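Q: for reference, the sequence and a predicted model appear below.
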Amino acid sequence: MKRHGRVLLNTLLGTAALALLSAPAFALDLPQAYKYDMGPLGTWKLSGGIEAALSGWNNAPSASIGANGAAPGHGGGTTGDIDLTNAIFILSNDSFFGTPLSFNAWVGEPPQTPVIGYTSPNVGPNLYSSNGFHGLNNTGAASFLFKGWATFAPLDWFSVQAGRLPSVDGTEIGVGFLNNLPFLSDLNNMQTTVADGGQVNFISGPDKAFYGFLPGYGSTLTIRVADGYKTGHTNELGFTGLWNLTPDGSDFIVGYGHTRLSTVGSGDTIRTGAGGSHVNGFPVGGFGLWNSDLIGLGTVYNLTNRLSMNAEVETQWLPKSAIPADVRCGTAVDCGGNNNQDYYRWSSQITFAYDLGNIRVGDEQVRYGWAVQPSVTFQHGNKSDPACNSLGNYLGLNLGAGLTGDQSANTGAFGTFGCGSNMYAIQTGPNFQYHNLFLRPTIAYTRLSNVTAGYAYGNRGTDKDQVVVMLDFGWLLGQFSKMDTGQ
């Protein structure tokens with residue numbers, strides 16, 4: 001699997017190594033990029049892929065809920081959908097008038113990668129295509145362009161990126177087929193996955209002029225200032241620090257995080273919802289998500305030449321200083337005698353991927369592998385606080401209207417988890433690849449705990465379990481000379 005890291009970074013992004021942190025754990029064998037000789041403009045390479053998914057799940061609100069607000073009896077139905085989830089195109093030139101230059105575009109309708117546990121039309125991204133681009137799906141994608149940025153590398157140890165940037169948080173990648181499994185963990189959905197701005201990357205190593213800030217096989221530091229969560233305020237400071245454990249960079253440890261330089265939104269934002277108080281009309285999430293600090297630690301490590309591990313643990317918390325005075329418990333708001341407004345979460349995921357090599361189907365070779373990912377999120381919040389779902393429901397992206405108590409008759413709360421709830425999830429499945437074509441059947445199970453009635457799954461938001469089956473498939477752009485095991 002070690003070869004995947006080099007192919008992914010060199011073929012897709014060149015010098016923008018940090019844009020796709022989990023490269024060494026990549027499940028598919030990437031083809032060589034298409035090459036085009038553009039004369040005086042040099043040789044340009046085109047890579048990427050297109051992905052779609054057919055899915056079905058149980059404990060879903062019935063179709064009538066969104067239409068007429070009905071709340072049928074306990075026990076949700078089974079439903080499904082098909083989406084063109086992702087397409088990524090990378091155009092790069094290793095020497096554009098002597099300097100590496102690349103352009104990246106991630107698109108889709110709606111622009112999303114499925115997230116484990118997110119199936120309700122009340123949160124996003126979700127598995128309802130009809131709720132996607134046509135409604136407020138909370139991905140911050142008011143257009144079909146999910147992310148798009150340019151990378152300019154004037155020095156071999158320094159690059160600059162600008163545009164709608166990839167995340168500095170986490171070890172998973174926003175585009176599904178660049179991960180071992182089709183679903184993203186809920187960690188990725190709560191991180192800053194959409195941000196317009198700029199960043200600088202200091203890429204070091206024994207063969208670079210800049211050796212780095214840690215000993216060993218080189219390190220990389222990224223610093224970003226951007227409009228995290230697309231609030232309309234370019235005041236989020238993010239960082240990534242990566243330490244290579246092997247000469248080829250296939251194993252590494254990474255630290256990451258972000259913070260707000262000033263508070264975005266106000267008490268009015270919490271009461272009226274996203275879009276108020278000079279906030280962008282189509283942001284990602286709500287007040288608590290925008291203004292929380294995040295810090296995490298992750299690793300990608302090849303345990304053997306066939307078995308890889310991708311793991312991360314992180315915490316996200318809302319500083320009390322960011323909570324507006326007019327929504328503070330005990331002084332401005334009656335919180336039923338419980339004035340605690342400590343809102344935070346702890347989350348972790350670990351992914352194991354095993355490369356089984358090639359299997360023969362007739363006269364053809366098909367590459368075969370298997371992956372499994374358990375994940376967990378614990379949330380802490382005061383359910384007596386009327387603003388708890390805007391301040392501390394990270395799983396629901398802090399989009400709640402501040403409702404508390406039983407919401408089993410409120411269709412707008414179904415499947416949004418609620419503050420103080422916890423999520424346990426696991427997904428597993430094989431991957432098959434024949435040249436450019438890939439196929440990944442997957443099953444995912446989610447269990448909720450400490451969840452208030454109305455915020456869980458099903459026709460009354462009271463079902464705590466859900467199973468999703470998915471058939472993920474797509475086509476990679478590029479040319480293969482032959483199939484191999486990817487090692």
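A: Looks like it arrived, so ask away.

Q: ranges for the helices of the stretch 351-487 of the chain?
A: 388-391 (DSSP state H, counting those that start in this stretch).

Q: can you give me the strands for it?
A: Assigned by DSSP state E, counting those that start in this stretch, the stretch 351-487 of the chain shows strands spanning 364-380, 422-434, 437-449, 465-477.

Q: any buried residues in the last one, and which?
A: Right, strand 465-477. Within strand 465-477, the residues scored as buried using 16 or more other C-beta atoms under 10 Å are Gln466, Val468, Met470, Leu471, Asp472, Phe473, Gly474, Trp475, Leu476, Leu477. For the C-beta atoms, the positions are set from N, CA and C on the backbone; glycine is no exception.

Q: most widely separated two among the residues you listed?
A: Distance extremes for those: the farthest pair is Gln466 and Leu477 at 34.0 Å, using C-beta to C-beta.

Q: sorry, back to before: how about the strands of the stretch 351-487 of the chain in TSV, adding distance to Asn180 and mean pLDDT?
A: TSV is the format used below for those (distance: least, C-beta to C-beta, whole Å; pLDDT from 0 to 100):
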stretch	distance to Asn180	mean pLDDT
strand 364-380	4	95
strand 422-434	8	96
strand 437-449	9	96
strand 465-477	11	93
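
Q: how about those, which one is nearest Phe152?
A: Nearest to Phe152, of all the strands of the stretch 351-487 of the chain, is strand 465-477, at 22.9 Å by C-beta to C-beta.

Q: who does Gly298 form a beta bridge with?
A: Beta bridges link Gly298 to Val254, Glu312, judged by DSSP bridges.

Q: list the contacts for Gly392?
A: Gly288, Leu318, Tyr343, Tyr344, Arg345, Gln379, His380, Gly381, Asn382, Asn398, Cys419, Gly420 (C-beta atoms under 8 Å, 6 or more residues apart in numbering).

Q: how about Leu145?
A: Here Leu145 is in contact with Ala105, Trp106, Val107, Pro111, Arg164 (C-beta under 8 Å, 6+ apart).

Q: can you read off the pLDDT for it?
A: We have a pLDDT of 76 for Leu145.

Q: now it: how far from Val194?
A: 10 Å (C-beta to C-beta, to the nearest Å).

Q: please enumerate the shared neighbours of these two.
A: By C-beta under 8 Å, 6+ apart, Leu145 and Val194 have these common neighbours: Arg164.

Q: number of nearby residues for Gly362?
A: By other C-beta atoms under 10 Å, 6 other residues sit near Gly362.

Q: apart from its chain neighbours, what residue comes closest to the spatially most central residue of the chain?
A: With distances taken as C-alpha atoms, centre = their mean, the residue of the chain nearest its centroid is Asn188 (3.3 Å). Nearest residue to Asn188, sequence neighbours excluded (C-beta to C-beta, 6 or more residues apart in numbering): Glu172, at 4.7 Å.

Q: what about that neighbour, which SS state?
A: Taking DSSP: H, G, I helix; E, B strand; the rest coil as the rule, one finds Glu172 in the coil state.

Q: so who does it touch?
A: So Glu172 contacts Ser22, Asn179, Leu184, Ser185, Leu187, Asn188, Asn310, Glu312, Gln349 (C-beta under 8 Å, 6+ apart).

Q: please tell me how far it sits from Phe146.
A: Counting by C-beta to C-beta, the gap from Glu172 to Phe146 is 15 Å.

Q: would Asp326 count as being in a helix?
A: Yes: residue state for Asp326 (three-state DSSP) corresponds to a helix.

Q: just the pLDDT for it.
A: Looking at Asp326, the pLDDT reads 90.

Q: in JSON lines, list the contacts of Glu172 along with pLDDT and secondary structure.
A: Formatted as JSON lines, these follow (pLDDT from 0 to 100; DSSP: H, G, I helix; E, B strand; the rest coil):
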{"residue": "Ser22", "pLDDT": "36", "secondary structure": "coil"}
{"residue": "Asn179", "pLDDT": "87", "secondary structure": "coil"}
{"residue": "Leu184", "pLDDT": "90", "secondary structure": "strand"}
{"residue": "Ser185", "pLDDT": "93", "secondary structure": "coil"}
{"residue": "Leu187", "pLDDT": "93", "secondary structure": "helix"}
{"residue": "Asn188", "pLDDT": "91", "secondary structure": "helix"}
{"residue": "Asn310", "pLDDT": "95", "secondary structure": "strand"}
{"residue": "Glu312", "pLDDT": "97", "secondary structure": "strand"}
{"residue": "Gln349", "pLDDT": "98", "secondary structure": "strand"}
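
Q: can you pick the most crowded of those?
A: Ser185 (31 neighbours).

Q: where do the strands sit along the stretch 201-350 of the chain?
A: According to DSSP E, counting those that start in this stretch, the strands that the stretch 201-350 of the chain contains are 219-228, 236-244, 252-260, 293-302, 307-318, 343-361.

Q: hmm, back to that, just curious, which of the buried residues of strand 465-477 is nearest to Val160?
A: Closest approach to Val160 among these (C-beta to C-beta): Leu477, at 25.7 Å.

Q: tell me who's in contact with the closest one.
A: Pro31, Ala33, Tyr34, Leu46, Ser47, Gly48, Gly49, Ile50, Phe89, Asn436.

Q: mind redoing it with 7 Å?
A: For Leu477, the contact set (C-beta atoms under 7 Å, 6 or more residues apart in numbering) comprises Tyr34, Leu46, Ser47, Gly48, Gly49.

Q: looking at the residues you listed, which two lie furthest apart in space?
A: Of all pairs in these, the most separated under C-beta to C-beta is Tyr34 and Gly49 at 12.2 Å.

Q: between those two, which is the more surrounded one?
A: Gly49 (24 against 14).

Q: in which helix or strand would I find the more buried one?
A: Using DSSP states H and E, Gly49 maps to strand 43-60.

Q: in its sheet, which strands sit next to that strand, and in what direction?
A: strand 34-37 (antiparallel), strand 77-96 (antiparallel), strand 465-477 (antiparallel).

Q: any low-confidence regions in the stretch 151-300 of the chain?
A: Scanning the stretch 151-300 of the chain for pLDDT under 70 picks out 205-216, 271-282.

Q: rerun that using 50 as the cut-off
A: Counting by pLDDT under 50, the stretch 151-300 of the chain has low-confidence residues at 275.
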